[in-house]
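Student: When you get a sec, could you give me coordinates for this:
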Amino acid sequence: MGLIIPSIDLSGGLVVKRVRGVKGSELVKLNLTEALSLVKDYPLVHVVDLDGAELGKPVNVDSIVKIGMAMNGKCEVGGGVRGIEDAELLLRYCSRVILGTVAVENTPLLLSMVNRLGEDKVGIALDADGEWLMTRGWGVKARRIMDVIGGLPKVGVVVYTNVRVEGTGMGPRVEEGLVKRLKEIGDEAYYAGGVSNCSDVEYLWGLGFDGVIVGYALYVKGVRCSA
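Tutor: Modelled structure (predicted):
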């Protein structure tokens, strides 16, 4: 048994659920109060500043502050975190920052951030479309995942997202052997993408994932699973 981790995807101050990350495909738009009422009893939430990911700097900081206060810091946050100052800002409110573009495109910067902030304060996001990792708000097909994994430092968590099924409820898609590789990098490994029901969650736990991030299942289908 592992963690069930609700996602809070922020755009324009609202909590949204997009299909495959495509702007304009929102299946759900909630205000922050509505979303927090759904997630407040979970041990951790996964926050993504979608506008920040596109712009390359945190945008929805006011919302992140409110989430951090409501969750007593039990949140991890990414999206547009491209430097140490951004990371330090967000770590005032959440317990961990998640780095995607930096991790894939600038390993030396990632290493310096891990050294400065501490392993446990940093997570890596690997957002995969097939064998390719997507960066900069999923607008750039950057590098093949297997070319990247070997050069990554040890961090607190690795979050693997299957972009092709994200926000679809089509079921998870992941190669079983990948979990072992992810756990060589992260103390914990989380999965996101396509999760539709509690059976999907249990399947992913069975593969060895420590946590499963749910968005579509919670916000669109109203599914609540227990750990």
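
Student: would Y191 count as being in a helix?
Tutor: No. Using DSSP: H, G, I helix; E, B strand; the rest coil, the assignment for Y191 is strand, not a helix.

Student: what sits against it?
Tutor: Contact analysis of Y191 by CB atoms under 8 Å, 6 or more residues apart in numbering lists V159, Y160, T161, N162, P172, V174, L204, L207, F209, G211, V212, I213. For every residue, glycine as well, the C-beta is placed using N, CA and C.

Student: now it: how far from P153?
Tutor: 21 Å (CB to CB, to the nearest Å).

Student: same question, N197
Tutor: For N197 relative to P153 (CB to CB), the value is 35 Å.

Student: Could you do G193 as well?
Tutor: For G193, the distance to P153 - CB to CB - is 24 Å.

Student: So for these two, which sits in the more crowded spot?
Tutor: Using other CB atoms under 10 Å as the criterion, G193 and P153 rank with G193 on top: 25 against 15.

Student: Buried residues of whichever strand or helix holds K29, list them for me.
Tutor: In the assignment (DSSP states H and E), K29 maps to strand 28-30. In terms of neighbour count (16 or more other CB atoms under 10 Å), strand 28-30 has its buried residues at V28, L30.

Student: Which residues does that strand contact?
Tutor: L14, V15, V16, K17, Y219, V220.

Student: residues contacting the spatially closest residue to L207 that is not a sequence neighbour?
Tutor: The shortest distance from L207 to any non-neighbouring residue, by CB to CB, 6 or more residues apart in numbering, is to V179 (5.2 Å). Contact partners of V179, counting by CB under 8 Å, 6+ apart, are A189, L207, G208, F209.

Student: now these: which count as buried?
Tutor: Counted by 16+ other CB under 10 Å, these give A189, L207, F209 as buried.

Student: Nearest to A103 among those?
Tutor: Within these, the smallest distance to A103 is 14.2 Å, found for A189 (CB to CB).

Student: Do you know the pLDDT at the closest one?
Tutor: Listed pLDDT for A189 reads 98.

Student: Tell me how far it lies from Y216.
Tutor: Separation of A189 from Y216 (CB to CB): 20 Å.

Student: that older thread, of the contacts of V179, which pair is most distant in space?
Tutor: The widest separation within the contacts of V179 (CB to CB) is 9.4 Å, between A189 and L207.

Student: from the contacts of strand 28-30, which is closest to G68?
Tutor: V15 (14.7 Å).

Student: That closest one: how many residues sit nearby?
Tutor: Neighbours of V15 using other CB under 10 Å come to 27.

Student: before we move on, the earlier item: could you check how far the residue nearest to L207 is from K74?
Tutor: 24 Å.

Student: If you tally nearby residues, what's the number for the residue nearest to N197 when sequence neighbours are not counted?
Tutor: Nearest residue to N197 in three dimensions, chain neighbours excluded: V223, at 5.7 Å (CB to CB, 6+ apart). By other CB under 10 Å, the residues close to V223 number 17.

Student: for T168, same thing?
Tutor: 17.

Student: Run through the residues that contact it.
Tutor: V19, R20, G194, Y216.

Student: Strands of the chain, start to end?
Tutor: Using DSSP state E, the strands found in the chain span residues 3-11, 14-17, 28-30, 45-49, 75-78, 96-99, 122-129, 132-135, 140-144, 155-162, 186-192, 211-214.

Student: Can you lay out the buried ones among the contacts of V179 as JSON lines showing distance to K121?
Tutor: Listed next are the buried ones among the contacts of V179 as JSON lines, based on distance: CB to CB, whole Å:
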{"residue": "A189", "distance to K121": "17"}
{"residue": "L207", "distance to K121": "26"}
{"residue": "F209", "distance to K121": "21"}
